[in-house]
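[1] test case, fold it:
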Amino acid sequence: MSAPRRRRSRLRLLRPSGFSRRDFLKRLGSAAGLAMAAPVLSGCGDSALVGGSNPSPIPSPAPGPAPTPAPSPSPVPMAAVSPFNHGIASGDPLPDAVILWTRATPVAAEDVLVTLKVYRDTALTQLVSTRVQMATSARDWTIKIDFTGLSPGTTYYYQFEAVGFKTAIGRTRTAPAADADNTRLRLGLVSCSSYAHGFFNAYRFLAARADIDVVLHLGDYIYEYASDAASGDEVYGTARPYEPTYEMKSLADYRMRHGYYKRTDPDLVELHRQHPFVTIWDDHESTDNSWRDAAVNHNEGGKNEGVWAERKTFAQRAYDEWMPIRYPEPGNVNRIWRRYRYGALMELFMTDSRLYDRDVPLSAPIQPQEPRNNAARKMIGPEQRDWLLDGLGSSTATWKLVGNQVVFHQWSLQPGLKSAGGPMGLNGDSWDGYTVERQLIINGLRAGPINNVVILTGDVHSTWVGDITDDPNNPAAYTNNPVDNSGSGSLAAEFVVTSVTSPPQAQLAMLDPIIDSFRANNPHIKHIDLVNKGYSVLDVTPERVVCEYWVVSTIATRGGTESFSTAFPVPVSANRVRAALSTPTTPPASPPQLAP
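    Take a look at the predicted model:
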């Protein structure tokens, strides 16, 4: 866990009462036990010629092979060093297209002509097509090409070149045709990668898996905090320094932090190089506990951090520039909720439960006087909610997956606390703080009926597996057999994936007895792991979805080992999580070759 935090003064109108989500993560448990828990389990609490300054020395060696000189396709004079300092990436696959990304760092703020070639083979002998785009200051010299004219369900290899240099070879894959009778998909799931809390070993192990079709990053790809206490900004984590060393607030700051991640972490670079991403932001891509109109970690008063609407736009613009994302409304950086069809097997709905239309979060734990049951409170808002329910209801895919930033299922306290005037729930930043809108979604699943919905969530730096039900403590609404997890009343399943590095970490192992007590009062929760860091693999077939949890041995140094932790299946039409599996699923026999 991080060192004790210096709490900055904040305008009371711009923060919920009680503790913030990150305080909640840091303070799991209390002497009185979970029923009276202090806040503990809520979520995540560079480049040259950006902002007119050069980066400081890089703390880790640049990844990838040495660039190979090639004839320059650009009128710009030959550079002495490669302009490709931030890796390559792909994302948002369609059956006939995929986003391909890089950055061409200029010598002196000049435009740089970049050529992209896509091939069918790792030897780069079977050319598909070529595209050219100019890298300019308007987009911080990032290149994002929506490469169309591709074949469905096909693996491709690609390479950028400019001013006599080439990037490493990248690998990507298109989605299957919408009507394809596909029988298997494998998704990598990651979230919450705090650079200052350790090394991204989970990325390295996931990058090495040739069996992955696409990686979902469920938010907190970057963090906003300072690494230099002398800046006067809040320091969160000390394992690795940030750049800028102060908290990011301006457009130049956000650009620099995105670039710093991609420029200095070889495991992040490799994961992007080998697999296409589909991403959503959570709060730390802007700042801690952000919502539509403000953020807990934003102060327009005593310490001027600018106007929130401008800061939010800076964060969203940098995200557009630096991530391989296809915005559903070109030019509208405020909307990232979108959907992707993966044949007859799966449809993916990526939501925004953070910035689009969310009202102010509540405390952690939620206090009796707070309006958690206020019908006017919105997490995603009516426009996005109607889009989601209409899309889920009209989808003909077997499985409907929902990418979601914050925990959807209930974290209920022991019976009697409500009447005693105690806390109402553990985490007011999650859907527990927006109960009416959550119930509208649950009602929509029941009314459809909409079956085979699986919610995929990050945010809380820990592993949770649960059923989605109206009231887990009402036997008339929900039953569960703890032997095999059979029962009635569940309408969907939720898999919450752990963080790549963000705490809590091993210090919370002592809380197992408290978690056992909590789980006894939440029969819909099938598994909790507060300690391990890693990634998940979601294996999807027509018969079932299985979520595997893989953990890394360390984040303190780069390297270590990975191991299988556990897995849980959701059988088709069951709409609930069944008993844990003791072994992982068998990967496909002959997956497409990784990029060399």
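
[2] helix/strand/coil for residue 132?
    Three-state assignment for residue 132 (DSSP: H, G, I helix; E, B strand; the rest coil): strand.

[3] ok, it - contacts?
    Residues counted as contacts of residue 132 (CB atoms under 8 Å, 6 or more residues apart in numbering) are 73, 113, 114, 115, 116. (Each C-beta comes from the backbone N, C-alpha and C, glycine too.)

[4] drop anything exposed from those.
    113, 114, 115, 116 (16 or more other CB atoms under 10 Å).

[5] of the residues you listed, which belong to strands?
    113, 114, 115, 116 (DSSP state E).

[6] what bridges to the third one?
    Partner residues in beta bridges with residue 115: residue 132, residue 161, with DSSP bridges as the criterion.

[7] ok, it touching residue 158?
    No - using CB atoms under 8 Å, residue 115 makes no contact with residue 158, being 11.0 Å away.

[8] for the residue nearest the centre of the chain, give its distance to residue 500.
    Centroid-nearest residue in the chain, with CA atoms, centre = their mean: residue 218, separated by 2.0 Å. Look at residue 218 and residue 500: by CB to CB, to the nearest Å, they are 11 Å apart.

[9] got any residues that touch both of the two?
    By CB under 8 Å, 6+ apart, the residues touching both residue 218 and residue 500 are 190, 191.

[10] list the contacts of the spatially closest residue to residue 338 that is not a sequence neighbour.
    Leaving aside its sequence neighbours, residue 338 sits nearest to residue 328 (CB to CB, 6 or more residues apart in numbering; 4.4 Å). Residue 328 makes contact with 335, 336, 337, 338 under the criterion CB under 8 Å, 6+ apart.

[11] state the number of residues packed around the second one.
    What it means is residue 336. 24 (other CB atoms under 10 Å).

[12] what's the answer for the last one, then?
    Here the neighbour count serves as a burial measure; for residue 338 (other CB under 10 Å) it reads 20.

[13] from memory it sits against residue 350, does it?
    Yes - at 5.5 Å, residue 338 and residue 350 qualify as touching, with contact defined as CB under 8 Å.

[14] any chance you could map the strands in the stretch 101-250 of the chain?
    Assignment of strands within the stretch 101-250 of the chain using DSSP state E, counting those that start in this stretch yields the ranges 112-119, 127-135, 142-147, 155-162, 165-166, 170-173, 185-190, 214-217.

[15] circling back: from the contacts of residue 328, which single one is nearest residue 450?
    residue 337 (17.6 Å; CB to CB).

[16] apart from its neighbours in sequence, what residue is nearest that closest one?
    Nearest one to residue 337, counting by CB to CB, 6+ apart, is residue 352 at 4.7 Å.

[17] now swap in residue 481 and tell me
    Using CB to CB, 6+ apart, the closest residue to residue 481 is residue 487 (5.5 Å).

[18] repeat that for residue 479.
    residue 487 (4.1 Å).

[19] what do you get for residue 554?
    Leaving aside its chain neighbours, residue 554 sits nearest to residue 560 (4.1 Å; criterion: CB to CB, 6+ apart).

[20] what does residue 120 give?
    residue 126 (4.0 Å).

[21] could you report the pLDDT at the one you found?
    Per-residue confidence (pLDDT) for residue 126: 98.

[22] do you know how far it is from residue 596?
    Residue 126 is 15 Å from residue 596, by CB to CB.

[23] can you check residue 541 too?
    For residue 541, the distance to residue 596 - CB to CB - is 30 Å.

[24] with neighbour numbers in mind, choose between those two.
    Shown here are residue 541 and residue 596; by other CB under 10 Å, residue 541 has more neighbours (17 against 11).

[25] and that one, what does it touch?
    183, 184, 345.

[26] of these, which is the nearest to residue 378?
    For the contacts of residue 541, the nearest to residue 378 is residue 345 (32.1 Å; CB to CB).

[27] average pLDDT for stretch 232-245?
    95.

[28] start to end distance for that stretch?
    11 Å (CA to CA, to the nearest Å).

[29] which of the residues in that stretch are buried?
    Those would be 233, 234, 235, 236, 237, 239, 240, 241, 242, 243, 244, for stretch 232-245 by 16+ other CB under 10 Å.

[30] now list the buried members of the contacts of residue 541.
    If we count by 16+ other CB under 10 Å, these have these buried: residue 345.

[31] who does the closest residue to residue 525 other than its chain neighbours bridge with?
    Sequence neighbours aside, residue 466 is the residue nearest to residue 525 in space, at 4.4 Å (criterion: CB to CB, 6+ apart). Residue 466 has the following beta-bridge partners by DSSP bridges: residue 494, residue 525.

[32] next: residue 487.
    Here residue 487, judged by DSSP bridges, has bridge partners residue 480.

[33] where along the stretch 351-500 of the chain do the helices fall?
    381-394, 435-447 (DSSP state H, counting those that start in this stretch).

[34] sorry, back to before: so what's the residue nearest to residue 337 up against?
    The neighbours of residue 352, taking CB under 8 Å, 6+ apart as the test, are 280, 281, 335, 336, 337, 380, 384, 405.

[35] please repeat the previous calculation with a cut-off of 10 Å.
    Counting by CB atoms under 10 Å, 6 or more residues apart in numbering, residue 352 touches 219, 280-282, 334-338, 358, 379-381, 384, 403-405.

[36] next: residue 96.
    147, 148, 149, 150, 151, 152, 154, 174, 175, 177.

[37] can I get those residues in CSV with pLDDT, distance to residue 96 and neighbour count?
    Below are the contacts of residue 96 laid out as CSV (pLDDT from 0 to 100; distance: CB to CB, whole Å; neighbours: other CB atoms under 10 Å):
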residue, pLDDT, distance to residue 96, neighbour count
147, 98, 10, 20
148, 98, 6, 11
149, 98, 7, 10
150, 98, 5, 22
151, 98, 7, 12
152, 98, 7, 18
154, 98, 10, 18
174, 98, 7, 23
175, 98, 9, 29
177, 98, 9, 17
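
[38] and which of these is nearest residue 519?
    Distances from residue 519 to the contacts of residue 96, taken by CB to CB, are shortest for residue 175, at 37.2 Å.

[39] burial of the residue nearest to residue 554, as a residue count?
    15.

[40] helix or strand for it, which one?
    Counting by DSSP states H and E, residue 560 is held by no secondary-structure element, helix or strand.

[41] now do the contacts for it.
    So, once contact is read as CB under 10 Å, 6+ apart, residue 560 ends up touching 199, 201, 202, 204, 205, 552, 553, 554.
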